[in-house]
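Visitor: build me a structure from this.
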Amino acid sequence: MSKLTRRNVIASTALLASGVAGAATTGNAASGKRYLVHHALFWLKNPGSEKDRARLIEGLKTLRQIEVIRALHIGVPASTEKREVVDSSFDVSEVMFFDDEAAQSAYQSHPIHQKFVEQCSHLWQKVVVYDAMDL
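Guide: All right, here's what the predicted structure looks like:
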């Protein structure tokens, strides 16, 4: 498996962000709206456990109820071509779009997010988060 580097993940996140933002928020993208992109990668304590992966995904879906999230994409590693720059070692990924840092901060302290962490954190061994602001 290739080494996970910040540059690789940021580049991947930027590509994904541009696609999801365009698809999920066509009106705002056309108006030049800039977003804060929040990308979290999760590694399960029990890699390969379909039950644990499903529980984590269901937990992530509850976050859609949080009003400050403009778009949310939940995914698993794609079976794309294996290349040095592709890291598919994670189990679940989520990408969220916020209007700004204040909205992202409100999400962090939101009761639904806190409940998700409380109910699902036992499922993962590691989480890596990348936050980026559109230029």
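Visitor: strands of the chain, residue ranges please.
Guide: If DSSP state E is used as the criterion, the strands of the chain fall at 36-44, 71-75, 92-98, 124-133.
Visitor: so which of those is the most packed in?
Guide: Stretch with highest mean neighbour count among those: strand 92-98 (a mean of 23; mean count of other C-beta atoms under 10 Å). (Glycine included, C-beta is placed from N, CA and C.)
Visitor: what packs against that one?
Guide: helix 6-24, strand 36-44, helix 50-62, strand 71-75, helix 101-109 (3 or more C-beta pairs under 8 Å, 6 or more residues apart in numbering; DSSP states H and E).
Visitor: and if we set it to 10 Å?
Guide: Of the remaining helices and strands, those touching strand 92-98 by 3 or more C-beta pairs under 10 Å, 6 or more residues apart in numbering; DSSP states H and E are helix 6-24, strand 36-44, helix 50-62, strand 71-75, helix 101-109, strand 124-133.
Visitor: pLDDT on it, on average?
Guide: On average, the pLDDT along strand 92-98 is 98.
Visitor: equivalent analysis for stretch 44-51, please.
Guide: 96.
Visitor: okay, how far is it across that stretch, tip to tip?
Guide: 11 Å (C-alpha to C-alpha, to the nearest Å).
Visitor: how far off centre is it?
Guide: The chain centroid and the centroid of stretch 44-51 are separated by 18 Å, computed with C-alpha atoms, centre = their mean, to the nearest Å.
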